[in-house]
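**Student:** This is the structure alone, sequence omitted:
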Ligand SMILES: [Zn+2]
């Protein structure tokens, strides 16, 4: 398990051979699941791939780690014969853009990403090649009309500084990317502009500016209700407030953890067991500890670290 955590860390950092990654058995693709009338998700092999079936074509959100283009298409073909014409990426990490090249080989497939992510994707990173973006947006872009309409939003930094929210208004479904993954403390990638201090504001803006979003597909993990999304935002805001109190009073990380444990409504985000499918990624409470550490570093003006996992005694 520790080895897997190290491997996933290396994915994000772009520091490991892809073949090594696949050989280590990251959980693979599992069958496509219907989320709403026209929205589906394909779990596994990296982040969720969201499938939006339009009148004449198919739009994908995120393409998992490299080498999964055919596997994604196999799942898409089980529900429709319409052609894939567009890939939207929620952010630049290799477990979300890894199989873009498979789809770009077809000239008709257009890749869309937020401008900050597009800039990062335009250069190779470690073993991962550049993933060129054809169309970028800064804060908002609408694509298509009526039942085909897609709305792309950016509200600020969180997981990275290029986190796109992809909304399908006719289906009331929002693909949130990794700012909201596993319904627990999200990974913050400061090297890609991520910020724990900014995250609650960014997520709150998404909640109120996309009022129709009733079902939220996490970047990894499952599909959540609007009420669950709001409770998660409240937890993240509370975590930042507790980090502030702790820094102001000269407290320690353990003091801050005690303050988090003292809030009954936060218990669901402080579990001590790994989540099914995320055994490599630590426990909810270890991830809360990581984000306290990141927030406190940001508050002290220190360079915030990228922490993928903690040692066993801090799980
Ligand atoms: Zn990510």
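**Tutor:** Thanks, I have it. These figures come from a predicted structure and were not determined experimentally.
**Student:** can you pull out the helices in the protein?
**Tutor:** Ranges of helices in the chain, per DSSP state H, are 2-13, 18-23, 69-77, 94-97, 100-104, 115-121, 199-209, 226-248, 253-261, 284-299.
**Student:** Deepest-packed of those, please.
**Tutor:** helix 94-97 (a mean of 27; mean count of other Cβ atoms under 10 Å). In this view, the C-beta of every residue, glycine as well, is placed from N, C-alpha and C.
**Student:** What mean pLDDT does that helix get?
**Tutor:** Throughout helix 94-97, pLDDT has a mean value of 96.
**Student:** Equivalent analysis for stretch 164-178, please.
**Tutor:** Per-residue scores along stretch 164-178 average to 98.
**Student:** got it, and stretch 294-309?
**Tutor:** 93.
**Student:** Stretch 66-76 now?
**Tutor:** 96.
**Student:** Which of the helices of the chain sits closest to residue 192?
**Tutor:** helix 115-121 (6.3 Å; Cβ to Cβ).
**Student:** just checking, what packs against that closest one?
**Tutor:** With contacts taken as 3 or more Cβ pairs under 8 Å, 6 or more residues apart in numbering; DSSP states H and E, helix 115-121 sits against strand 135-137.
**Student:** buried ones in the strand it packs on?
**Tutor:** 136, 137 (16 or more other Cβ atoms under 10 Å).
**Student:** next one: stretch 131-143
**Tutor:** So, applying 16+ other Cβ under 10 Å, buried residues of stretch 131-143: 131, 133, 136, 137, 141, 143.
**Student:** now the helices of the chain as CSV including distance to the ion?
**Tutor:** CSV is the format used below for the helices of the chain (distance: least, Cβ to the ion, whole Å):
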stretch, distance to the ion
helix 2-13, 7
helix 18-23, 15
helix 69-77, 18
helix 94-97, 6
helix 100-104, 14
helix 115-121, 10
helix 199-209, 13
helix 226-248, 16
helix 253-261, 23
helix 284-299, 14
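**Student:** Leaving aside the residues adjacent along the chain, what's closest to residue 300?
**Tutor:** residue 247 (6.4 Å; Cβ to Cβ, 6 or more residues apart in numbering).
**Student:** Next one: the one you found from residue 299, what distance?
**Tutor:** Computed as Cβ to Cβ, to the nearest Å, the residue 247 to residue 299 distance reads 5 Å.
**Student:** Please apply the same query to residue 26.
**Tutor:** Counting by Cβ to Cβ - residue 26 and residue 299 are separated by 34 Å.
**Student:** now swap in residue 293 and tell me
**Tutor:** Counting by Cβ to Cβ - residue 293 and residue 299 are separated by 11 Å.
**Student:** Contact partners for residue 48?
**Tutor:** Residues in contact with residue 48 (Cβ atoms under 8 Å, 6 or more residues apart in numbering) are 41, 42, 62, 175, 217, 218, 219, 220, 221.
**Student:** mind redoing it with 7 Å?
**Tutor:** 41, 42, 62, 217, 218, 219, 220 (Cβ atoms under 7 Å, 6 or more residues apart in numbering).
**Student:** Dead centre of this protein: give me the residue that sits there.
**Tutor:** residue 178 (1.2 Å; Cα atoms, centre = their mean).
**Student:** Pretty sure it sits against residue 94.
**Tutor:** No - with contact defined as Cβ atoms under 7 Å, residue 178 and residue 94 do not form a contacting pair (12.0 Å).
**Student:** List of residues touching stretch 191-200?
**Tutor:** Residues outside stretch 191-200 that contact it (Cβ under 7 Å, 6+ apart) are 92, 116, 120, 156-162, 179, 188, 233, 236-237, 240, 291, 294-295, 298, 306.
**Student:** repeat for stretch 280-297
**Tutor:** Residues contacting stretch 280-297 (Cβ under 7 Å, 6+ apart): 1, 4-5, 8, 184-185, 188, 196-197, 239-240, 243, 246-247, 253, 256-257, 260, 269-274, 304-305, 307, 309-310, 314-315.
**Student:** switch the cut-off to 6 Å
**Tutor:** By Cβ atoms under 6 Å, 6 or more residues apart in numbering, the surrounding residues in contact with stretch 280-297 are 1, 4-5, 8, 184-185, 188, 196, 240, 243, 247, 253, 256, 260, 269-272, 274, 304, 307, 309-310, 314-315.
**Student:** Excluding residues flanking it in the chain, which one is nearest residue 288?
**Tutor:** residue 185 (4.6 Å).
**Student:** number of nearby residues for that neighbour?
**Tutor:** 28 (other Cβ atoms under 10 Å).
**Student:** What residues does it make contact with?
**Tutor:** The contact partners of residue 185, by Cβ under 6 Å, 6+ apart, come to 287, 288, 291.
**Student:** Return the closest of these with respect to residue 73.
**Tutor:** Nearest to residue 73 among the contacts of residue 185 is residue 287, at 32.9 Å by Cβ to Cβ.
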